[in-house]
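In: Need coordinates for the following:
(one chain, ligands or ions: 1)
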Amino acid sequence: MRPASRLWTADVPSGAEIFLYAVFAVFGLMTGSLAGALSYRLPRRQPVMIDRSRCPSCKATLKALDLIPVFSWLFFKGRCRHCQARISPRYLLIELAVMGLFLSALATAPNLWAAICLAYLGGALAVLAVADLEQRILPDPMQLCAALLALPWRYVTGADWQDMILGGLLGLGLGLGLRLGYCRLKGRHGLGLGDVKFLAVAGLWLGVENFPPFLLTAGLIGVVFGLIWRFFAKTPVFPFGPALCVALFLTLSFLY
Ligand SMILES: [Zn+2]
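Out: Numbering: from 1, shown residues only. Predicted structure coming up:
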């Protein structure tokens, strides 16, 4: 039984706690800014590191002033400072969402190191969810980052390595089984290979015992999301990645 998180026990947050939340908010915004760029570039196979950020309309190189998370977008009213072209609010929304994930990680994780791991997983999950929503792809480099982050997470939460490997194998086996089973029944692929890889990554984070609650949560979110998708989008085929991402973050937040 883990001790209740500080969020639920502290009556009045101490100065140190407020400072910690402020630090997490700032790092969340910076990570969110990176997540906005990565979720656009990775699925489109654009260079990630070499290119400096440019305005997609006038190609002006963006300076530090244009790239302050949230504030630049609000200050220049969602327009390019050079050519006045509209800048999609996706960047603002992703920055705010990742900041929210960082703060949530700090509030729910069993210790500070676990909060750092969970927060950066949140950043990676944001990239994966947005890429899958927009381009129907869960980029491999981000899956690899999420898989590698599972190592320090398992260490700081005191879980054993055997359980981590078994969890990964369980996720992989289950993903492949679901994919093949669906294909047999319906004659088309229901679960993409990206989803299968994601289930393996989730297994590394969760281990065997916590995998069923994650699957159940993912299934429930998937059904609700699928209904909403069917209502608004023309096609009945919807990306399953966002439901998996939300379910993994929720499960890790509430089961550890
Ligand atoms: Zn411009």
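In: Model confidence at residue 15, what's the number?
Out: The model reports residue 15 with a pLDDT of 86.
In: Tell me how far it lies from residue 99.
Out: 21 Å (C-beta to C-beta, to the nearest Å). From N, CA and C alone the C-beta is placed, and that goes for glycine too.
In: again, but for residue 16
Out: In this structure, residue 16 and residue 99 are 20 Å apart, going by C-beta to C-beta.
In: do the same with residue 204
Out: 26 Å.
In: still on that earlier bit, and residue 16 and residue 99? which has more neighbours close in?
Out: Taking other C-beta atoms under 10 Å, residue 16 and residue 99 do not tie; residue 99 has more neighbours (23 against 8).
In: Point me to the helix or strand that includes residue 222.
Out: Residue 222 is located in helix 211-232, with elements delineated by DSSP states H and E.
In: Show me what counts as buried in that helix.
Out: Of the residues in helix 211-232, those with enough neighbours to count as buried (16 or more other C-beta atoms under 10 Å) are 211, 214, 215, 217, 218, 221, 222, 225, 226, 229.
In: Tell me who's in contact with residue 251.
Out: Contacts of residue 251 were listed using C-beta atoms under 8 Å, 6 or more residues apart in numbering, and they are 206, 210, 213, 214, 217.
In: same thing with residue 226?
Out: Applying C-beta under 8 Å, 6+ apart, one finds that residue 226 lies in contact with residue 238.
In: quick one: it from the ion, how far?
Out: Remark: distance between residue 226 and the ion (C-beta to the ion, to the nearest Å) = 38 Å.
In: which bits of this protein sit near the ion?
Out: By C-beta under 5 Å from the ion, the part of the chain that sits against the ion consists of 55, 57, 58, 80, 82, 83, 85.
In: Helices of the stretch 1-150 of the chain, start to end?
Out: Ranges of helices within the stretch 1-150 of the chain are 6-9, 15-41, 71-75, 90-108, 112-135, 140-156, based on DSSP state H, counting those that start in this stretch.
In: Just put those helices in CSV and tack on distance to residue 188.
Out: As requested, the helices of the stretch 1-150 of the chain are exported to CSV (distance: least, C-beta to C-beta, whole Å):
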stretch, distance to residue 188
helix 6-9, 45
helix 15-41, 27
helix 71-75, 40
helix 90-108, 30
helix 112-135, 18
helix 140-156, 23
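In: what pLDDT, on average, does the helix holding residue 222 get?
Out: Computed over helix 211-232, the mean pLDDT rounds to 92.
In: quick one: stretch 71-89 to chain centroid distance?
Out: Distance of stretch 71-89 from the chain centroid (C-alpha atoms, centre = their mean, to the nearest Å) equals 25 Å.
In: tell me how far the ends of it are from each other?
Out: Its first and final residues considered, stretch 71-89 spans 12 Å by C-alpha to C-alpha, to the nearest Å.
In: Can we start the residue count at 681 from this point?
Out: I'll keep to 681 as the first residue from here, and by that count the last item is stretch 751-769.
In: Show me which positions of that stretch end up buried.
Out: Taking 16+ other C-beta under 10 Å as the basis for neighbour counts, the residues of stretch 751-769 that come out buried are 752, 753, 760, 761, 767.
In: isn't the last one right next to residue 753, touching?
Out: Yes. Look at residue 767 against residue 753 with C-beta atoms under 8 Å: they come within range, at 6.6 Å.
In: can you pull the contacts of residue 737?
Out: The contact partners of residue 737, taken as C-beta under 8 Å, 6+ apart, are 760, 763, 765.
In: go on, residue 752?
Out: 745, 746.
In: ok, 10 Å please
Out: For residue 752, the contact set (C-beta atoms under 10 Å, 6 or more residues apart in numbering) comprises 713, 742, 743, 744, 745, 746, 758, 761, 767, 771, 772, 775.
In: Skipping its backbone neighbours, what lies nearest the residue nearest the centre of the chain in space?
Out: Geometric centre of the chain, nearest residue: residue 805, 1.4 Å, by C-alpha atoms, centre = their mean. Spatially, and ignoring its direct neighbours in sequence, residue 805 is nearest to residue 925 (4.1 Å; C-beta to C-beta, 6 or more residues apart in numbering).
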